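> missing the sequence, but the structure's below:
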């Protein structure tokens with residue numbers, strides 16, 4: 001249970017770093033770029049790179065797509081934390097397990113159990129409840145006043161929730177596609193599937209792609225505007241890369257002593273409620289009754305889907 005607790009702590013630390021970065025107005029893209037550089041260097045230092053044969057075009061395409069999804073999904077997560085708060089954003093990220101669940105059923109023929117069908121229905125209901133942020137005063141939830149549309153105040157009130165729901169929807173899709181791609185790798189390219197590339201080597205490649213994508217964006221912005229990553233962005237980016245790496249490392253270690261049916265739902269549910277609690281106690285993020293019901297349904301759905 002120690003490694004599971006450490007995995008949850010690292011995952012919550014990721015959300016906390018994003019929240020702090022938002023409060024300090026750090027460049028998101030620079031933060032994420034440094035994060036993937038630090039994560040890749042740490043992975044190589046601790047695990048090394050195993051020899052592998054020539055990468056097939058399909059594996060390269062999968063790795064490039066996964067790298068883009070990694071940095072794009074993290075960017076959406078950081079933006080969602082700013083718009084909707086830690087609790088709701090973490091809830092949507094965890095509910096995205098529905099996407100690979102459906103893919104496993106429809107593409108790979110892994111037929112769900114009756115309880116998993118119930119979990120799927122509950123997850124759908126939970127998403128719609130979680131993705132409707134509570135109306136709060138500026139600074140509590142939603143975009144800052146400087147981002148609000150000008151003009152009719154009623155239009156501004158309607159615009160912000162619609163934008164937030166759309167953002168959470170994209171986050172849900174991106175998080176799910178990341179897991180689908182990992183499933184594709186395991187089923188088609190991994191050592192277990194007869195390939196020559198280990199999961200560790202694939203992830204180092206993906207981290208490298210994510211870093212290159214971010215580096216191009218940072219360089220483009222720097223050349224155009226003269227704004228380059230600050231020392232704070234570098235420092236917090238390195239910290240983010242470390243907890244990002246160890247969130248996966250500790251979860252894998254937890255799976256060595258715990259069944260996946262215990263570890264995965266316990267990890268997800270702890271992150272959902274931990275993020276909501278931290279957001280409430282530290283930053284005063286408020287949740288509507290619908291949000292609270294949605295988070296409760298999400299917890300039940302995650303347990304059932306893991307069954």
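The structure has been received and is ready for your questions. Every value quoted in this text rests on a predicted model; they were computed, and no experiment measured them. Numbers count the residues shown, from 1 in each chain.
> could you use CA atoms for every contact and neighbour count after this?
Noted.
> name the residues of the helix or strand encompassing residue 201 that are buried.
Taking DSSP states H and E as the definition, residue 201 sits inside helix 199-225. Within helix 199-225, the residues that count as buried by 16 or more other Cα atoms under 10 Å are 199, 201-215, 218-219, 221.
> can you check stretch 109-121 too?
Counting neighbours by 16+ other Cα under 10 Å, stretch 109-121 gives 112, 116, 119, 120 as buried.
> from memory the second one sits against residue 302, does it?
Looking back up the chat, that one is residue 116. No. Look at residue 116 against residue 302 with Cα atoms under 8 Å: they stay out of range, at 9.2 Å.
> my guess is residue 277 meets residue 85, correct?
No. Using Cα under 8 Å as the test, residue 277 is too far from residue 85 to be in contact (11.0 Å).
> pick out whichever of these two has more residues nearby.
More neighbours surround residue 85 than the other of residue 277 and residue 85, with 28 against 17 (other Cα atoms under 10 Å).
> picking that back up, show me what the helix holding residue 201 packs onto, helices and strands only.
If contacts are counted by 3 or more Cα pairs under 8 Å, 6 or more residues apart in numbering; DSSP states H and E, helix 199-225 sits against helix 28-47, helix 57-84.
> between those helices, which one is closest to residue 108.
With Cα to Cα as the measure, helix 57-84 is the member of the helices and strands packed on helix 199-225 nearest residue 108 (17.5 Å).
> distance from the chain centre to that closest one, please.
9 Å (Cα atoms, centre = their mean, to the nearest Å).
> now stretch 114-124
In terms of Cα atoms, centre = their mean, the centre of stretch 114-124 is set 22 Å apart from its chain centre.
> avg pLDDT for that stretch?
On average, the pLDDT along stretch 114-124 is 94.
> before we move on, what about stretch 8-25?
Stretch 8-25 comes out at a mean pLDDT of 95.
> how much space is there between residue 173 and residue 22?
23 Å (Cα to Cα, to the nearest Å).
> and these two? which has more neighbours close in?
The neighbour comparison of residue 173 against residue 22 (other Cα under 10 Å) goes to residue 173, with 19 against 16.
> so what pLDDT did that one get?
97.
> tell me the contacts of it?
96, 99 (Cα atoms under 8 Å, 6 or more residues apart in numbering).
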